[in-house]
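> Pasting a predicted model and its sequence here:
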Amino acid sequence: MAAKDMLDTNTKDLIAEALRMIMMEKPFENIRIKDICDRVGVVRVTFYNYFIDKYAALEYLIEKDLILPNENRIREGKFEEMIFSMMNVMDAKRDYYKIAFQVGGQNGFEDQLKIMMTRAFGRILEKYRQMSVGAHELPNRVTAEYFAELFAYGMRTWLFYPKKIAVDEARRYVAKVLRKEILGYLKTEE
């Protein structure tokens, strides 16, 4: 990787992580671009070199935390390993994710999570799902959207459940759903 690319990646990460830290301190709707820039020590134009707004930085945090570390699992069709990896990240950053799930609006966190998970599930389904001839089969896009909704609902429910559920226990519940719902759509040996 060229030095400029590394600098760009580091700056983008620093800006996104500054947003994460500020979200832990005050409501998302009260965070200004200036707050983020001041935290990182950059000028506004630097922020806009990487993100069009704070929602784009929030989206990048999803990608950085959940999608990029799971690229190999997505490519290899490892649904269960991917989900468990994501749950581990959410558990390790539980306080942040509880705050993030509360960011609503047109580009809210949960909507962005669903979009990214639809893409991830879609890539796996396109590669590994063996469509039957029957007209009753849902297209992969619709199936991916369903699984993304299920994932987002499950993660929100787990994080906000009145009694804290340990990640290992939550993984057991999710594994049951995965094996019955998602993996049933794939005709592979998991």
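It's in.

> dump the residue contacts of residue 28.
Neighbouring residues of residue 28 by CB atoms under 8 Å, 6 or more residues apart in numbering: 54, 58, 99, 102-103. All C-beta atoms are positioned from the backbone trio N, CA, C, and that covers glycine.

> Can you check the pLDDT for it?
The per-residue pLDDT reported for residue 28 equals 97.

> What subset of the contacts of residue 28 is buried?
Among those, those classed as buried by 16 or more other CB atoms under 10 Å are 54, 58, 99, 103.

> just checking, the third one touches residue 25?
Pointing back at residue 99 there. No - assessed by CB atoms under 8 Å, residue 99 is found out of contact with residue 25, at 9.8 Å.

> Residue 89 versus residue 68, what's the distance?
Residue 68 sits 11 Å away from residue 89, going by CB to CB, to the nearest Å.

> between these two, who's got more neighbours?
Shown here are residue 68 and residue 89; by other CB atoms under 10 Å, residue 89 has more neighbours (18 against 11).

> Residue 176 versus the more buried one, what's the distance?
Taking CB to CB, one finds residue 89 at 21 Å from residue 176.

> next one: residue 127
Going from residue 127 to residue 176 by CB to CB gives 24 Å.

> picking up where we left off before, may I ask which two of the buried ones among the contacts of residue 28 are separated the most?
Using CB to CB, the pair of these lying farthest apart is 54 and 99, separated by 13.5 Å.

> tell me the SS of residue 104?
The three-state label for residue 104, taken from DSSP: H, G, I helix; E, B strand; the rest coil, comes out as coil.

> any idea how far it is from residue 71?
According to CB to CB, residue 104 and residue 71 sit 29 Å apart.

> How is the protein partitioned into domains?
For the chain, the structural domains run 1-51, 54-185, going by automatic domain parsing.

> residues in contact with residue 50?
When contacts are counted by CB under 8 Å, 6+ apart, residue 50 touches 8, 11-12, 15, 57, 60.

> how about a cut-off of 7 Å?
Contact analysis of residue 50 by CB atoms under 7 Å, 6 or more residues apart in numbering lists 11-12, 15.

> can you put those in TSV and add secondary structure?
Formatted as TSV, the contacts of residue 50 follow (three-state DSSP):
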residue	secondary structure
11	helix
12	helix
15	helix
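
> Among the residues you listed, the buried ones, what's the ChimeraX command?
To isolate the buried subset of the contacts of residue 50 in ChimeraX, counting by 16+ other CB under 10 Å, use the following:
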select :11,12,15
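
> so which of the contacts of residue 50 comes closest to residue 37?
residue 15 (8.0 Å).

> Surely the closest one touches residue 56?
No - using CB atoms under 7 Å, residue 15 makes no contact with residue 56, being 10.2 Å away.

> Flag the shaky bits of this protein, pLDDT-wise.
Where the chain drops to pLDDT under 70, the residues are 1-9, 130-136, 178-190.
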